[in-house]
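what shape does this take:
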Amino acid sequence: MDKYVTGAVIRRLREKKKMTQEELAQKIFVSSKAVSKWETGMGFPDISLLEPLAKALDISVIELLSGEYVQNGNRCSNMLRSIFYVCPVCGNVISSVGAAVVSCCGITLPPLEAETVDDAHDIRTEVIEDEYYVTITHPMTKEHYISFIAAVSDNGVNIVKLYPQGNAEAHFKISRVKYLYAFCNRHGLYHIRLGAGKN
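Coordinates of the predicted model:
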């Protein structure tokens, strides 16, 4: 484990909850002296205490270890505000409808920030009956490729996983699709808003 909870994090989260050291100690069945030692850097909580400590502070263990409190501001679960994450180790693609702490292969994944398409990552659409046929003129080698194409509508996210030496293309039902995304393993996430982007 390359990260462990620090005393400064425990203190900051405890104070945010307006708890005394004694109150936190009672919740996790340790002495207030133990909490004081953690907060002053004179010791660390045992690994068996991480889950009850996180619960007492109303955060996840991952947030506790990272020192960041993440709160989803998208309470109405607006699908158009979906966020994508990609694991650099295994290539896993994860989406959420708001801020989240996402971990894969032992790594806390940062949310991807989508850029507007450029000439090297131009997302093109063609309407064929009731579908968008989406293509990207892009290398598809083992070293440099489009990892996925996604269509986001107001009622869902549809992800098509792509692989090296295949084609950078996908089909999506037209109904309610507002955004198209494509992820390049070297340059990141790109998107267009349908009706406003390049077609």
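
what residues sit buried inside the helix or strand of the chain with the lowest mean pLDDT?
Taking mean pLDDT, DSSP states H and E as the measure, the chain has helix 61-66 as its least confident helix or strand, at a mean of 77. Residues of helix 61-66 classed as buried by neighbour count (16 or more other CB atoms under 10 Å): 62-66. No exception for glycine: its C-beta is placed from N, CA and C like everyone else's.

could you do stretch 122-141 as well?
So, applying 16+ other CB under 10 Å, buried residues of stretch 122-141: 122-125, 131-132, 134, 136, 138, 140.

and residue 35, what element?
Take DSSP states H and E as the rule and residue 35 turns out to sit in helix 32-39.

and that helix, how far out from the chain middle?
Relative to the centre of its chain, helix 32-39 is centred 33 Å away, using CA atoms, centre = their mean, to the nearest Å.

cool, and stretch 150-165?
Counting by CA atoms, centre = their mean, stretch 150-165 comes out at 16 Å from the chain centroid.

surely residue 83 and residue 111 touch.
Yes: counting by CB atoms under 8 Å, residue 83 does reach residue 111; the two are 4.7 Å apart.

follow-up on the earlier one: after the helix holding residue 35, which helix or strand is next?
Counting by DSSP H and E, what follows helix 32-39 is helix 50-56.

what's the helix or strand just after the least confident helix or strand of the chain packed up against?
Using DSSP H and E, the next helix or strand after helix 61-66 towards the C-terminus is strand 83-86. If you count contacts as 3 or more CB pairs under 8 Å, 6 or more residues apart in numbering; DSSP states H and E, strand 83-86 packs onto strand 93-96, strand 146-153, strand 177-184.

could you dump these to CSV with mean pLDDT and distance to residue 117?
Listed next are the helices and strands packed on strand 83-86 as CSV, based on pLDDT from 0 to 100; distance: least, CB to CB, whole Å:
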stretch, mean pLDDT, distance to residue 117
strand 93-96, 92, 19
strand 146-153, 95, 12
strand 177-184, 95, 8
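
residue 29: which of those is closest?
Set against residue 29 and scored by CB to CB, those come closest in strand 93-96, at 33.5 Å.

give me the sheet partners of that closest one and which way each runs.
Pairing partners of strand 93-96, with direction, according to DSSP bridges: strand 83-86 (antiparallel).

residue 85 contacts residue 110, correct?
Yes: Residue 85 is within contact range of residue 110, at 7.5 Å (criterion: CB under 8 Å).

the two: which is more packed in?
residue 85 (18 against 9; other CB atoms under 10 Å).

just the pLDDT for that one.
Looking at residue 85, its pLDDT reads 92.

what residues does it make contact with?
By CB atoms under 8 Å, 6 or more residues apart in numbering, the contact set of residue 85 is 93-96, 102, 104, 109-112.
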